[in-house]
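**Q** return atomic coordinates for the entry below.
(one chain, ligands or ions: 1)
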Amino acid sequence: MDNKKIIFSGVQPSGNIHLGNYLGAIKNWIKLQDEYQCLFCVVDYHAITVKQDPKELKKKIIEIAKIYLASGIDPKKSVIFQQSQISEHTELTWMLNCVSARMSDLNKMTQYKDKAGDNENVSVGLFDYPVLMASDILLYQTDLVPVGEDQKQHIELTRVLAKRFNNEYGKVFKIPEVVIKKEGARIMGLDDASKKMSKSASSEFNYIALLDDSDRAKKKIMKAVTDSEGVVKYDVKNKPEVSNLLTVYSLLSGYSVKDLEDKYKGSGYGDFKKDLAELVAQFLISFQEKYNNIKDEDVEKILEKGAKELKSVANTTLNNAKEKIGLN
Ligand code: TYM
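**A** Next up is the predicted model:
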């Protein structure tokens with residue numbers, strides 16, 4: 001790796017990767033590749049915090065890497081790799097679990113509370129998930145972590161764990177900064193704009209998956225919940241559904257929200273939704289064309305190369321941390 005600042009981010013190979021993942025995270029990574037050394041991980045150890053079908057998981061790991069490539073991540077500039085191929089991620093997690101993370105820190109994590117609810121039968125891994133995430137980031141001396149809004153609390157925890165370790169044992173970790181782009185940071189569900197668009201939503205009308213058939217996707221946009229006012233206006237508080245559709249429209253088309261408001265002034269939701277449905281369909285067709293042209297064997301080679309390249313970087317940080325706590 002050269003002397004550029006380090007970017008780290010990742011997506012879990014579980015559920016259906018959707019427009020929220022794309023607009024809130026992956027799309028923003030593309031522009032960063034020239035200025036920074038970017039590391040994009042397929043975080044498969046995170047995926048197994050909930051039950052996965054082994055065959056499906058294998059397929060999903062390749063799928064995420066293909067989605068990175070089809071989105072414009074260039075393996076000549078950025079490193080794409082699979083988390084479980086570098087054992088240092090789990091080793092550092094154990095160390096941080098013991099010497100830095102506290103039950104009280106993890107008890108505050110809202111994503112865990114949302115996912116677990118009152119169910120006591122969830123895995124210990126689901127509770128510990130943010131510490132694994134901290135290890136991902138800290139192993140590579142990461143400067144910046146570009147994510148959607150829902151991951152902010154986890155990056156804040158990463159900073160706390162890193163500072164606590166450094167203060168107690170001496171400096172090992174760089175303290176990373178979170179990067180959240182305002183537009184698209186939280187794309188909401190198409191069926192319920194009070195909740196984020198989610199891979200694990202119970203209804204497929206919640207999301208547009210990047211691999212959705214384009215006609216299906218059009219149907220989902222046409223069925224998206226709006227209000228009865230018939231005014232295309234951005235107002236998150238009073239018109240969350242229409243505002244969410246405007247955000248998607250603006251990010252996919254490059255038009256500003258203001259331009260779109262002007263374009264649909266006085267025309268109700270019919271044309272607005274029809275045009276957005278067509279835009280989404282065209283986006284998916286072009287995305288999937290690129291996706292389908294990528295061969296599994298090529299993806300496997302890219303992942304292998306990525307792991308080889310990063311293993312020694314991860315190992316250096318891990319050994320440094322081991323040394324400090326008296327394990328080497
Ligand atoms: P994951 O796989 O749930 O989501 C991947 C990325 O998509 C963003 N995202 C959204 N953005 C806008 N609107 C939405 N509705 C929406 N839903 C998801 C997420 O914020 C994320 O950036 N724990 C992480 C993966 C991870 C990671 C890391 C990220 C593991 N280790 C280290 C950064 C650094 C996760 O489950 O993301």
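
**Q** ok, the closest residue to Ala314 other than its chain neighbours - contacts?
**A** Sequence neighbours aside, Glu88 is the residue nearest to Ala314 in space, at 3.8 Å (criterion: Cβ to Cβ, 6 or more residues apart in numbering). Yep, even glycine has a C-beta here, placed from its N, CA and C like the rest. Glu88 is in contact with Ser135, Leu139, Lys311, Ala314, Asn315, Thr317, Leu318, counting by Cβ atoms under 8 Å, 6 or more residues apart in numbering.

**Q** buried ones from the residues you listed, can you make that a ChimeraX selection?
**A** To isolate the buried members of those in ChimeraX, using 16 or more other Cβ atoms under 10 Å:
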select :135,139,314,317,318
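
**Q** which of the contacts of Glu88 lies closest to the ligand?
**A** Of all those, Ser135 has the smallest distance to the ligand: 8.5 Å, by Cβ to the nearest ligand atom.

**Q** the helix or strand hosting Leu246 and the ligand in contact?
**A** Leu246 belongs to helix 240-253 when assigned by DSSP states H and E. No. Helix 240-253 is not in contact with the ligand by Cβ under 6 Å from any ligand atom; minimum separation 9.5 Å.

**Q** the strand or helix carrying Lys218 packs against which elements?
**A** Using DSSP H and E, Lys218 falls within helix 214-223. For helix 214-223, the packing partners by 3 or more Cβ pairs under 8 Å, 6 or more residues apart in numbering; DSSP states H and E come out as helix 270-292.

**Q** against which helices or strands is the helix or strand just after the helix it packs on packed?
**A** Following helix 270-292 in sequence order, the next helix or strand is helix 296-325 (DSSP H and E). Counting by 3+ Cβ pairs under 8 Å, 6+ apart, the packing neighbours recorded for helix 296-325 are helix 54-71, strand 79-82, helix 88-99, helix 124-139, helix 152-169.

**Q** so for the last one, mean pLDDT?
**A** Pointing back at helix 152-169 there. For helix 152-169, the mean per-residue pLDDT is 98.

**Q** ok, the shortest one next?
**A** Per-residue pLDDT values over strand 79-82 give a mean of 98.

**Q** so where's the protein shaky on pLDDT?
**A** 1-2 (pLDDT under 70).

**Q** so which bits of the stretch 151-300 of the chain are right by the ligand?
**A** Residues of the stretch 151-300 of the chain lying near the ligand (Cβ under 6 Å from any ligand atom): Gln151, Gly184, Ala185, Arg186, Ile187, Lys196, Met197.

**Q** so what's the first one up against?
**A** With contacts defined as Cβ under 8 Å, 6+ apart, the neighbours of Gln151 are Met133, Val145, Val178.

**Q** what about the last one, which SS state?
**A** This means Val178. strand (DSSP: H, G, I helix; E, B strand; the rest coil).

**Q** neighbours around the spatially closest residue to it that is not a sequence neighbour, how many?
**A** Closest residue to Val178 apart from its sequence neighbours, by Cβ to Cβ, 6+ apart: Ile155 at 4.0 Å. Applying other Cβ atoms under 10 Å, we find 22 residues neighbouring Ile155.

**Q** and the gap between Ile155 and Ile137?
**A** Noted for Ile155: a distance of 7 Å to Ile137, by Cβ to Cβ, to the nearest Å.

**Q** which neighbours do these two have in common?
**A** Val145, Pro176.

**Q** hmm, back to that, list the buried residues for the helix holding Leu246?
**A** Buried-residue list, helix 240-253, by 16+ other Cβ under 10 Å: 240-252.

**Q** who does it touch, helix- and strand-wise?
**A** Using 3+ Cβ pairs under 8 Å, 6+ apart, the elements in contact with helix 240-253 are helix 257-263, helix 270-292.

**Q** dump these to CSV, plus mean neighbour count and distance to Ala70.
**A** What follows is those, written out as CSV (neighbours: other Cβ atoms under 10 Å; distance: least, Cβ to Cβ, whole Å):
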stretch, mean neighbour count, distance to Ala70
helix 257-263, 15, 26
helix 270-292, 16, 4
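
**Q** so can I have a markdown table of these showing distance to Leu19?
**A** Shown next, in a markdown table, are the helices and strands packed on helix 240-253 (distance: least, Cβ to Cβ, whole Å):
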| stretch | distance to Leu19 |
| --- | --- |
| helix 257-263 | 16 |
| helix 270-292 | 8 |
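
**Q** any idea which of those gets closest to Ser202?
**A** Closest to Ser202 of the helices and strands packed on helix 240-253 is helix 270-292 (Cβ to Cβ; 21.6 Å).

**Q** any residues touching the closest one, and which ones?
**A** By Cβ under 8 Å, 6+ apart, helix 270-292 touches 19, 66-67, 69-71, 208, 210-212, 214-215, 217-218, 221-222, 224, 226, 232, 245, 248-249, 252-253, 264.
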